[in-house]
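A.B. asks: predicted model and sequence below, questions to follow.
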Amino acid sequence: MLPIIKGKTLISFLESLNFTIIRQRGSHVRMKSEDGRYTTIPVHSGEAIPKGLLRKIIRDDLEMTLEEFTLAYNEYMGRIQ
């Protein structure tokens, strides 16, 4: 099951996976990984990213399985708390 994630939290998590912010236009942040993968994260004031969009980001942009993402995200959340 996917966690409920806000845009700013997802950006911090992706930075821990060596993604960097390359630009921001309005409420959308564009990020790039060291190996050339790109993603765009919506950052709307306090709103969680919709599940369907999160799935698309994980599978298509991050090229991870849902299980890989969930394990990495839970490990990350354990480290920062």
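C.D. replies: Okay, I see it. Please read all numbers here as calculations on a predicted model, not as lab measurements.

A.B. asks: what does the top helix by length along the chain contact?
C.D. replies: Looking across the chain with DSSP state H, the single longest helix is helix 66-80. The contact list for helix 66-80 (CB atoms under 8 Å, 6 or more residues apart in numbering) reads 1-3, 5, 12-13, 16-17, 55, 58-59, 62, 64. Every residue, glycine included, has its C-beta placed from N, CA and C.

A.B. asks: is it possible to mark the buried ones in those residues?
C.D. replies: Buried by 16 or more other CB atoms under 10 Å: 5, 13, 17, 58, 62, 64, out of those.

A.B. asks: quick check, nearest of the residues you listed to Glu47?
C.D. replies: The closest of those to Glu47 turns out to be Ile5 (CB to CB; 10.6 Å).

A.B. asks: please name the bridge partners of the closest residue to Leu14 other than its chain neighbours.
C.D. replies: Nearest residue to Leu14, sequence neighbours excluded (CB to CB, 6 or more residues apart in numbering): Met31, at 5.7 Å. Beta-bridge partners for Met31, by DSSP bridges, are Ile21, Thr39.

A.B. asks: by mean pLDDT, flag the weakest helix or strand of the protein.
C.D. replies: Ranked by mean pLDDT, DSSP states H and E, the weakest helix or strand in the chain is helix 66-80, scoring a mean of 94.
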